[in-house]
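>>> coords please:
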Amino acid sequence: MRVTSNTYTSLILNSSQNEQSQLATIQQQISTGQSIQFASDNPLDYQEAAQTQTSLSQLNTYNTAANEASALTTANNTAMTSLHQLVAQASELATSVTTNMSASDLQDVGTEMSSLVSQITSITNQKTASGNYLFGGTSNQPPITAAGAYNTATNGDETSIEVQPGDSVQTSIVAGQPGPPAVSGFLYDASTGVDVLGTINQTISDLNSGNSSAVLSNDLPALNKSLDLVSQYVGSTAASMSAVQTASTNLQQQITAQGDQLNSLTQTNLPDATLQLQQIQTQYQASLEAGSRILGLSILNYINAVPTT
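Purely as a prediction, here's the structure:
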């Protein structure tokens, strides 16, 4: 079979066009930084990248939830730690009482303890950044009234946030109140009858009435039980805070790994792409030079083939 110069010309043109297309693709990858923009670029990698992107989006959603949970559990633990300190101060004040103290001295102690109630109220009635009561339950009510008593409008509904698939962390706790109906929380335990706020208010009443015996025999033991109740919540909120921190660390590691995988699938490897661009440019230049020679020979052949008269 005879191969004509036209055949060579067609081959050269096809090769040049193919190399031009490759050059355009590589240049676009370098300029955009993306090696895959359409499914046709690399069907298998495109599908894997899409699945990785979906997984990464889910992880970012959980990470947002974990950040919210972290803020809430930290606020809970900070509040319980402060509350524990205040109840401990109330117990210390009651311990300082003696049976030979004057009525005036007892009232002074009562005044100091009243200031603790104000601080406890401030901690218990605090709001979150969104404007909701941190310890108001789903009823979103202040747990303590302006008069320093329990607000019976609060409830015991607590909330949790899923920070990982199947892993929910308790993000709200309630103050509790004797009711009816009674609600257990960090200020009142319905199962034992421990009443933090009620005990402190009773101690203040006994101090103001000069009843030092009641303070020592009744109020002080009740204050120590109150301190134990609050201690339990210091521990439980610390555990919740730690669980969120662990989940956040795991999420960050997964997000980093998934992000790296996505980048490896879709981002342009600049050194490799640059080298490939140079190689294709060299091939393209060679094709053009070869084409020029073949076209030149074809013209000469044509001239020689034309009879002269």
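>>> can you give me the buried ones in stretch 164-173?
Within stretch 164-173, the residues that qualify as buried are Gln164, Asp167, Val169, Gln170, Thr171, Ser172, Ile173, counting by 16 or more other Cβ atoms under 10 Å. Any C-beta I mention is one placed from the backbone N, CA and C, and that applies to glycine too.
>>> now those as a markdown table including secondary structure?
Below are the buried residues of stretch 164-173 laid out as a markdown table (DSSP: H, G, I helix; E, B strand; the rest coil):
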| residue | secondary structure |
| --- | --- |
| Gln164 | strand |
| Asp167 | strand |
| Val169 | strand |
| Gln170 | strand |
| Thr171 | coil |
| Ser172 | coil |
| Ile173 | coil |
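>>> turn these into TSV, including pLDDT and distance to Thr73.
Formatted as TSV, those follow (pLDDT from 0 to 100; distance: Cβ to Cβ, whole Å):
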residue	pLDDT	distance to Thr73
Gln164	90	15
Asp167	92	14
Val169	94	7
Gln170	91	8
Thr171	92	6
Ser172	89	9
Ile173	93	10
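>>> mind giving me the packing neighbours of the helix or strand harbouring Leu223?
Assigned by DSSP states H and E, Leu223 falls within helix 220-266. In terms of contacts (3 or more Cβ pairs under 8 Å, 6 or more residues apart in numbering; DSSP states H and E), helix 220-266 is packed against helix 43-95, strand 160-164, strand 167-170, helix 196-208.
>>> how about the spatially most central residue of the chain: what's its closest non-neighbour residue?
When Cα atoms, centre = their mean is applied to the chain, the residue found nearest the centroid is Asn67 (2.6 Å). Excluding the flanking residues, the one nearest Asn67 by Cβ to Cβ, 6 or more residues apart in numbering is Ser248, at 7.4 Å.
>>> what separation do you get for that neighbour and Gly185?
Counting by Cβ to Cβ, to the nearest Å, the gap from Ser248 to Gly185 is 27 Å.
>>> who has more neighbours, these two?
Neighbour tally, Ser248 and Gly185, criterion other Cβ atoms under 10 Å: the higher count belongs to Gly185, 24 against 19.
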